[in-house]
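> Requesting a structural model of the entry that follows:
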Amino acid sequence: MESRIRRFFLMALAPWLGAAGLYAPAPALCAEGEQVIKPEIERREVREVDIDTEDFEVGAFAGAMNVENFGTNFVYGARLAYHVTEYIFVEGAYGHTSTSKTSFEKLSGSAQLLEDKDRDLDYYNVSFGLNILPGESFIGEKWAFTTDFFLIGGAGSTSFAGEDEFTWNVGAGYKVLLNDWLAVRIDGRDHVFDVNVLGKSETQHNLEFTGGISIFF
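Next up, the predicted model:
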């Protein structure tokens, strides 16, 4: 009964309320279930690149490597990886750098711990990588790039100071896929091996930071 009385008063007062801007009728429907006002939402197109169907990746890198007691020097090399799954990959790498004189050699003036040919350092290793934070990076409104933050570690051999030493390596990296076959990446590694220059074997941590480009095929 109360709702009927309320409806009656609203119908009677509708012309005056409408003139005062206090009442507006509900939007009419053109047909059953069809609304007169249709919102137009502009949808933006985002291009997202994915890794191609091929599982192999080959690349080159360059950067800086600090060989403990022998300074920080330019390093370069190449990598070949096989992606076992979306998250796991196996990678082989080769790197080369030429080390500097030690502080002892520079201060002594004439003392030379290594011959020039023994100052070159070459390393080979096989490592296992794990993509732990796959994601996306956005540039503007139309570009989205697939990214991966990964951990990596493995073992190999380092040729330095006339010796070949067993070497552990561990590190992390960040990869950005520019399209379905081309990627850029940055890496940080710690190469751990023994060095015997003064007649005493010493385990050293040798840090390497590089940037590179790779191709999937």
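> quick one, what contacts the residue nearest in space to the middle of the chain?
The residue lying closest to the centre of the chain (C-alpha atoms, centre = their mean) is Y174, at 2.2 Å. Counting by C-beta atoms under 8 Å, 6 or more residues apart in numbering, Y174 touches T147, D148, F149, F150, R185, I186. No exception for glycine: its C-beta is placed from N, CA and C like everyone else's.
> One more: I139?
For I139, the contacting residues are F145, by C-beta under 8 Å, 6+ apart.
> That one and A81: what is the separation?
Per C-beta to C-beta, to the nearest Å, I139 is found 26 Å from A81.
> do K101 as well
35 Å.
> From the contacts of Y174, which land in strands?
Among the contacts of Y174, the ones falling in strands (DSSP state E) are T147, D148, F149, F150, R185, I186.
> Tell me where this protein is predicted with low confidence.
The chain contains residues with pLDDT under 70 at 1-54, 109-110, 198.
> Walking through this structure, point out its helices one by one.
Under the criterion DSSP state H, the chain contains helices at 2-19, 103-108.
> residues contacting F70?
Going by C-beta under 8 Å, 6+ apart, F70 touches T99, S100, K101, T102, R119.
> Compare these and tell me which is most surrounded.
Compared across the contacts of F70, T99 has the highest neighbour count, 22 neighbours, by other C-beta atoms under 10 Å.
> Let me know the distance separating that one from V75.
The spacing between T99 and V75, counted by C-beta to C-beta, is 10 Å.
> and what of V58?
Remark: distance between V58 and V75 (C-beta to C-beta) = 18 Å.
> Neighbour count: these two, which is higher?
Between V58 and V75, counted using other C-beta under 10 Å, the more crowded position is V75 (21 against 12).
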